[in-house]
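[1] Task: produce atomic coordinates for the following.
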Amino acid sequence: MASRQKVHIGLNVNNVDRSVKFYRAMFGIEPVKGKPGYAKFDIDEPPLNLTLNYSDNITDQGALNHLGIEVNTTAAVLAVKEKLRNTGVATANQMNVDCCFPPQDKVWITDPDGNRWEVFTVKVGDTKPELTIPVHQEDESHQSKAERCCRQ
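    Below you'll find the predicted structure:
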């Protein structure tokens with residue numbers, strides 16, 4: 001299998017359903033995952049993993065939740081970690097963490113301006129398929145009960 005990297009952008013949104021509608025129109029595709037307070041678009045062109053994360057405090061937090069690079073394997077995550085460590089960049093590991101309902105291995109870094117980045121691999125597609133919500137409906141009832149996806 002060829003090595004693949006995909007940019008990841010996690011956005012804070014105050015209404016997941018409204019944002020899904022917008023990004024569905026923008027990219028012309030359906031989200032690949034919808035959970036309480038969360039939706040994920042897996043875009044082929046340009047290669048992008050876009051997540052929408054419910055936040056009731058965007059004014060203070062801003063719209064950007066975090067950035068990342070999705071890689072194919074744990075070995076690729078560990079190679080990036082080693083490269084960063086060798087250049088003096090501090091890292092924080094999260095190995096085998098169930099993050100937004102798929103187990104992942106990841107390493108987190110923070111740039112000089114405080115922007116959080118993760119380099120991660122997804123090990124299994126979905127550990128809680130029963131939590132899937134219909135992201136194509138205009139239903140805000142789950143907004144106040146949103147489960148936060150993992151954060152570093």
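[2] residues contacting residue 4?
    Residue 4 is in contact with 47, 71-72, counting by Cβ atoms under 8 Å, 6 or more residues apart in numbering. For every residue, glycine as well, the C-beta is placed using N, CA and C.
[3] which among these end up buried?
    residue 71 (16 or more other Cβ atoms under 10 Å).
[4] got the contacts of residue 4 as TSV, with secondary structure and pLDDT columns?
    As requested, the contacts of residue 4 are exported to TSV (DSSP: H, G, I helix; E, B strand; the rest coil; pLDDT from 0 to 100):
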residue	secondary structure	pLDDT
47	coil	93
71	strand	94
72	coil	92
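[5] Mind putting the contacts of residue 4 into CSV with distance to residue 54?
    Converted to CSV, the contacts of residue 4 look like this (distance: Cβ to Cβ, whole Å):
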residue, distance to residue 54
47, 25
71, 26
72, 29
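[6] Which other helices and strands does the helix or strand of the chain with the lowest mean pLDDT contact?
    Across the helices and strands of the chain, mean confidence by mean pLDDT, DSSP states H and E is lowest for helix 58-61: a mean of 86. Under the contact definition 3 or more Cβ pairs under 8 Å, 6 or more residues apart in numbering; DSSP states H and E, helix 58-61 sits against strand 5-13.
[7] Paired strands for the strand it packs on, with orientation please.
    Each strand that strand 5-13 pairs with, and the sense of that pairing, follows from DSSP bridges: strand 48-54 (parallel), strand 64-71 (antiparallel).
[8] burial of residue 95, as a residue count?
    Taking other Cβ atoms under 10 Å as the criterion, the count of residues near residue 95 is 12.
[9] The one 3 residues further on now?
    By other Cβ under 10 Å, 14 other residues sit near residue 98.
[10] Could you report the distance from it to residue 104?
    As defined by Cβ to Cβ, to the nearest Å, residue 98 lies at a distance of 8 Å from residue 104.
[11] before we move on, what about residue 87?
    For residue 87, the distance to residue 104 equals 24 Å [Cβ to Cβ].
[12] For the residue lying farthest from the centre of the chain, give its distance to residue 80.
    Summary for the chain: using Cα atoms, centre = their mean, the residue whose C-alpha lies farthest from the chain's mean C-alpha position is residue 86, with a distance of 26.4 Å. As defined by Cβ to Cβ, residue 86 lies at a distance of 11 Å from residue 80.
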